[in-house]
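J.: coords please:
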Amino acid sequence: MTYCVAVRVDGGLVMLSDTRTNAGMDNIARFRKTFTYEVPGERAIAIMCSGNLSITQEVKSCLSRAIKDSHEDPGIETVLNCATMHRAAQLVGDAMRTMQRRYRDTIEMQGAGADASILVAGQRRGGKPRLYLVYSAGNFIEATAETPFFQIGDHKYGKPILDRIIEPATSLDEATKAVCVSMDSTLRSNLSVGMPLDLTIIARNEYTFRTRYRIEPDDEQFAAISRAWSAALRKGFEDLPSVLD
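T.: Take a look at the predicted model:
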């Protein structure tokens, strides 16, 4: 299992993912779930992956091969030269659909699940920051002002803080704190989600990555947020009126 969260606010995009992959009680490994693509000053795009690892790795390889081949043939469309972020999401969806057709039946015959999902977030010059959720079938939806964040993987523990905090006017700094608290809540309640974490931030109209940061288990900033959130929860709980009064 994994947990990835992406937030779209007026100031840009914030993404955070774990690196733990669990294929059974004794088969736990670490794999990066966030991958970035950039033409500095023109566009910055990140994808975050959850679900069947072989499917999502093949999708990523398909996107990377297209970028490599486009160096020899500029007519090849890729996430780095397509006209819109919507088209970038379509390209990811097309790659997902292709890999599902190729491998799904064989994977399911072995008793494993082939479902996967991918978050696509970014901004290109001339467009707005966009956030999409791509499903196994290759179809996708876009984040809106009413639904400004998406989660994939085991998201239930990290959702309450996002529901209470995230709205379009939330600053990038506040959104970053919110996704860190969301991840901390998930880490505490689900052993199949684990460190290290990858934090990615794209500020509006910068067309590059403001932050691409690996949060290791001994990261003091993340630990300070975890401690402060725990203390705030305990204080809030203690201040609640008694039910029995």
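J.: Mind listing residues that contact the helix of greatest length in the chain?
T.: Taking DSSP state H as the criterion, the chain has its longest helix at helix 85-109. Here helix 85-109 makes contact (CB atoms under 8 Å, 6 or more residues apart in numbering) with 45, 47, 52, 54-55, 58-59, 62-63, 66, 77-79, 82, 113-114, 116, 118, 120, 122-124, 127, 130, 132, 134-140, 142. Where C-beta positions appear, they are placed from N, C-alpha and C, glycine not excepted.
J.: Kindly state the beta-bridge partners for Glu38.
T.: Note on Glu38: beta-bridge partners by DSSP bridges are Ala44.
J.: dump the residue contacts of it.
T.: Here Glu38 is in contact with Ala44, Ile45, Leu80, Thr208, Phe209 (CB under 8 Å, 6+ apart).
J.: what's the answer for Ser54, then?
T.: Per CB under 8 Å, 6+ apart, neighbours of Ser54: Tyr103, Ile107.
J.: Return the set of buried residues in the helix or strand that contains it.
T.: Element membership for Ser54 (DSSP states H and E) is helix 53-70. Neighbour-count burial for helix 53-70 flags Leu53, Ile55, Thr56, Glu58, Val59, Lys60, Cys62, Leu63, Ala66 (criterion: 16 or more other CB atoms under 10 Å).
J.: now stretch 81-88: mean pLDDT?
T.: Averaged across stretch 81-88, the pLDDT comes to 98.
J.: What's the end-to-end length of that stretch?
T.: Chord length of stretch 81-88, first to last residue, is 9 Å (CA to CA, to the nearest Å).
J.: Grab the nearest non-local neighbour of Phe222.
T.: Ile215 (5.1 Å; CB to CB, 6 or more residues apart in numbering).
J.: could you give the mean pLDDT of stretch 123-132?
T.: On average, stretch 123-132 scores 98.
J.: Could you measure from Ser70 over to Thr98?
T.: Remark: distance between Ser70 and Thr98 (CB to CB, to the nearest Å) = 18 Å.
J.: which residues in the protein form strands?
T.: With DSSP state E as the criterion, the chain has strands at 3-9, 12-17, 20-22, 28-30, 34-39, 43-51, 116-124, 130-134, 140-142, 149-153, 197-203, 211-215.
J.: Can you list the low-confidence ranges for this protein?
T.: 22-28, 245 (pLDDT under 70).
J.: switch to 90 and redo it
T.: 1, 20-30, 190-192, 244-245 (pLDDT under 90).
J.: Surely Ala143 is in contact with Leu13?
T.: No. Contact criterion CB atoms under 8 Å: Ala143 and Leu13 do not qualify, at 9.3 Å.
J.: Quick check: neighbours shared by those two?
T.: Residues touching both Ala143 and Leu13 by CB under 8 Å, 6+ apart: Ala6, Leu131.
J.: the more surrounded of those two?
T.: Leu13 (28 against 21; other CB atoms under 10 Å).
J.: measure that one to Asp198 for me?
T.: 14 Å.
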